[in-house]
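Novice: This is a predicted model, with the sequence first.
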Amino acid sequence: MRRRTKIVATLGPASDDEKTLCKMIEAGLDVARLNFSHGDESDHRRRAAAFRSAAAQMHRDVGLMGDLQGPKIRIKRFEHGSVHLNEGDAFFLDSQLDLMAGNQEGVGVALETLHEDVSAGDILLLNDGMITLTVDRVEGTRIHTTAVNSGILSDHKGINLKGGGLSAPALTDIDRANIKLAAELEMDFLAVSFVRSGEDIEEARRLFLEAGGNGIIVAKIERTEAVENIDSIIDAADVIMVARGDLGVEMGYAELTGIQKRLIEATRSKYKIAITATQMMESMIQNPIPTRAEVSDVANAVIDGTDAVMLSGETAVGEYPSEAIRSMASVCIGAEKYPNQAGRTGRRSEDKFDKVDEAIAMAVMYTAKHVDVKAIIALTESGSTTRWMSRVRSDIPIYALTPYHATSRRVALYRGVYPVEFEMAETDRDQLYAAIFETLLSKELVEVDDLVIFTKGDSKGVSGGTNAMKILKVTA
């Protein structure tokens, strides 16, 4: 059984050498992620080059994603690196406090307007919710709080406001510089962190295009405001990432599973791509096998219909990067054996299609449900037709035949879609079919006498120009 759910994995110190990268690709990596929150420009350039070299060695078109760090709101630093807070302790936060001046009484914060966003009674969550502070009062830039629980608080830990509402913009000056770097490195995906609305995505897309980039824009959903504005964000983005770390802290972990399911369903209903991320196999940072709870977590995301699942620290700093990918691939295949609701289109019979290639894709998938076809073969310039198809049904393999490496790397993220390098040199119909069948037979993707559905456009070089479908029998 061929795995349909795709795997995104983060690059880092644990995966810096090309031998490890090749093992990760061999284990099932589909898209590699560069996290701009860690490392500097030279690190990103080096890792991107090493990854592309490894992909070439493995003869695979594997996508590369740049993930902007965004306005992660953090405390500043302590004189001695950390403090131990006890339940009931008074503790202040102050944006005007010097960088290194934190002590047992309080610490600086990086967001200068934090005091404007909070008021008495608000709950602040630090270090991914490990430390909880209740706001007592605000005096100027100083926020006076009381510790709700005990624990250690160290330098640069993140701050969340329970329920959301912090006013930090989605893009920082550092993000703008990294957008230019992502464009220069020809990254296939650009992930925008701490998105609040569709306007944040539109600004990131504009900056990326102005810098010469042409990759897909990923909206990371990790703020309460993003969930509240999810429709506008899905409309503006190409991909939605359910980033469950900060999202769980702000909205509460008890709500997280239901939110995840709702976000995936909303994304698929609008024919966009969904990624599920954060702590999916966290224990594999130190251990060679996942826990049963992690297996269930990944499997449930697959059954929900996510296009991809993501590994972070497991492959960036973990001891078993390729093993983590292999374990995740195995769980995906196991979960894909069971029925799910991912094939629902959300379309009604009276709905109208906006684009010709969308109409062709829907016709293909309707036909595939009623004819015993073994594969769908799409000649594609941009990959858009295969994206439409993958939204409807994913148990029949969809082969995206394209001469463009950028398109191959893009469709590598789509559930149930597999890129196949193919030069569209033939203009005679019979010769074209013969060349396609030869390519697919040589890769053992189809067999002689298989029925397949074939789609193409009349005009070469026209993105989104698919306007025809046929049912063909594979011949040698």
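Specialist: Looks like it arrived, so ask away.
Novice: what about the strands in the stretch 301-450 of the chain?
Specialist: In chain order, the stretch 301-450 of the chain shows strands spanning 308-311, 375-379, 398-402, 417-421, with DSSP state E, counting those that start in this stretch as the criterion.
Novice: Among these, which comes closest to residue 196?
Specialist: Among the strands of the stretch 301-450 of the chain, the nearest to residue 196 by CB to CB is strand 308-311 (21.6 Å). Every C-beta, even on glycine, is put in place using the N, C-alpha and C of the backbone.
Novice: Give the partner strands of that closest one in its sheet and their orientations.
Specialist: In the sheet, strand 308-311 lines up against strand 6-10 (parallel), strand 273-277 (parallel) (DSSP bridges).
Novice: Let me have those strands in CSV, extended by distance to residue 236, mean pLDDT and mean neighbour count.
Specialist: CSV is the format used below for the strands paired with strand 308-311 (distance: least, CB to CB, whole Å; pLDDT from 0 to 100; neighbours: other CB atoms under 10 Å):
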stretch, distance to residue 236, mean pLDDT, mean neighbour count
strand 6-10, 21, 98, 27
strand 273-277, 14, 97, 26
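Novice: Would you convert those strands into a markdown table that also reports distance to residue 299?
Specialist: Rendered in a markdown table, the data for the strands paired with strand 308-311 read as follows (distance: least, CB to CB, whole Å):
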| stretch | distance to residue 299 |
| --- | --- |
| strand 6-10 | 14 |
| strand 273-277 | 11 |
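Novice: quick one, which of these is nearest to residue 126?
Specialist: Taking CB to CB, strand 273-277 is the member of the strands paired with strand 308-311 nearest to residue 126, at 21.7 Å.
Novice: ok, residues contacting that closest one?
Specialist: Residues external to strand 273-277 that are found in contact with it (CB atoms under 8 Å, 6 or more residues apart in numbering): 8, 216, 218, 220, 238-244, 260, 263-264, 267-268, 301, 304-310, 312, 387, 413-415.
Novice: So which helix or strand of the protein has the lowest pLDDT on average?
Specialist: Across the helices and strands of the chain, mean confidence by mean pLDDT, DSSP states H and E is lowest for helix 356-370: a mean of 81.
Novice: what's that helix packed up against?
Specialist: Contacts defined by 3 or more CB pairs under 8 Å, 6 or more residues apart in numbering; DSSP states H and E place helix 356-370 against helix 384-392, strand 451-457, strand 466-473.
Novice: Now with 6 Å, please.
Specialist: helix 384-392, strand 466-473 (3 or more CB pairs under 6 Å, 6 or more residues apart in numbering; DSSP states H and E).
Novice: Just the ones in helices from the contacts of strand 273-277, please.
Specialist: With helices defined by DSSP state H, the entries of the contacts of strand 273-277 inside them are 244, 260, 263-264, 267-268, 301, 304, 387.
Novice: Low-confidence stretches in the stretch 201-350 of the chain?
Specialist: Along the stretch 201-350 of the chain, the model assigns pLDDT under 70 to residues 339-350.
Novice: one more time with 90
Specialist: For the stretch 201-350 of the chain, the stretches with pLDDT under 90 are 214-215, 245-246, 249-250, 252-253, 269, 271, 337-350.
Novice: related to what we said a few turns ago, quick check: which of the helices and strands packed on helix 356-370 has the most neighbours on average?
Specialist: Each of the helices and strands packed on helix 356-370 was assessed for mean neighbour count using mean count of other CB atoms under 10 Å. The highest is helix 384-392, with a mean of 27.
Novice: Mind checking the helices and strands packed on helix 356-370 for the one nearest to residue 72?
Specialist: helix 384-392 (30.6 Å).
Novice: Done for today, thanks.
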